[in-house]
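> let me see the structure of the following:
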Amino acid sequence: MAYAPSTPVTGSAQTGLTAPTYTLTLDLAPNNLGKQYAISALGGTQTGVEVNGVSKPFTVNFVRPASFKLVAKPDPVTGVLTRTSQNVWKLITRKGVVPLSGQSPQVLLITTTFEVPAGSDAVEPEDIRAACSLHFGILSQQSAGIGDSLITGTV
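The predicted structure is shown next:
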């Protein structure tokens, strides 16, 4: 199944947010390589959090490579693959935030980049899935800790 988030999305735990949910509305992506959703409603307790707006965006965009790369040819003498092309995917979250009271909003950017060696999707799809499982499991498990670190400056 391709990327198709259901709505609302249940947010993971964060300090100060109680049972956060986010209603997604299909949006136009910045280019035709992505699928973007705007956050149109919030659920749970998220005091001070705002939905998507022109001056304060709140969007999530999943972007595929512009063109898919294939496995490179091994060296004809050694048979060793000397260079591996990468198919780069990105999940980008944008959220408008005010850096100082009375100032214009700035865009906070969270980007997860997936650099998948060309050909590995055919040879070891289970390892790609395992890497995604771990990555998203850590993000989910440590969501509040990461959020706290971004606020306090400590790891």
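> got the phi and psi for Gly147?
The phi/psi pair for Gly147 (degrees, to the nearest 10) reads phi -60, psi -40.
> next: Gly79.
Per degrees, to the nearest 10, the backbone of Gly79 is at phi 80, psi 10.
> next, the contact list for the nearest residue to Leu91 once chain neighbours are set aside, please.
Closest residue to Leu91 apart from its sequence neighbours, by Cβ to Cβ, 6 or more residues apart in numbering: Thr112 at 4.5 Å. To be clear about C-beta, it is placed using only N, CA and C from the backbone, and glycine gets the same treatment. When contacts are counted by Cβ atoms under 8 Å, 6 or more residues apart in numbering, Thr112 touches 90-91, 135, 139.
> out of those residues, who's nearest Thr7?
Nearest to Thr7 among the contacts of Thr112, counting by Cβ to Cβ, is Leu91 at 16.4 Å.
> in strands only, show me the contacts of Thr112.
90-91 (DSSP state E).
> gap between the spatially most central residue of the chain and Pro20?
What sits nearest the mean C-alpha location of the chain, by Cα atoms, centre = their mean, is Leu91, with 2.9 Å. Going from Leu91 to Pro20 by Cβ to Cβ, to the nearest Å gives 18 Å.
> pretty sure Ile128 contacts Asp121?
Yes - the pair Ile128 and Asp121 passes the contact test of Cβ atoms under 8 Å, sitting 6.4 Å apart.
> more neighbours: those two, which one.
Between Ile128 and Asp121, counted using other Cβ atoms under 10 Å, the more crowded position is Ile128 (15 against 12).
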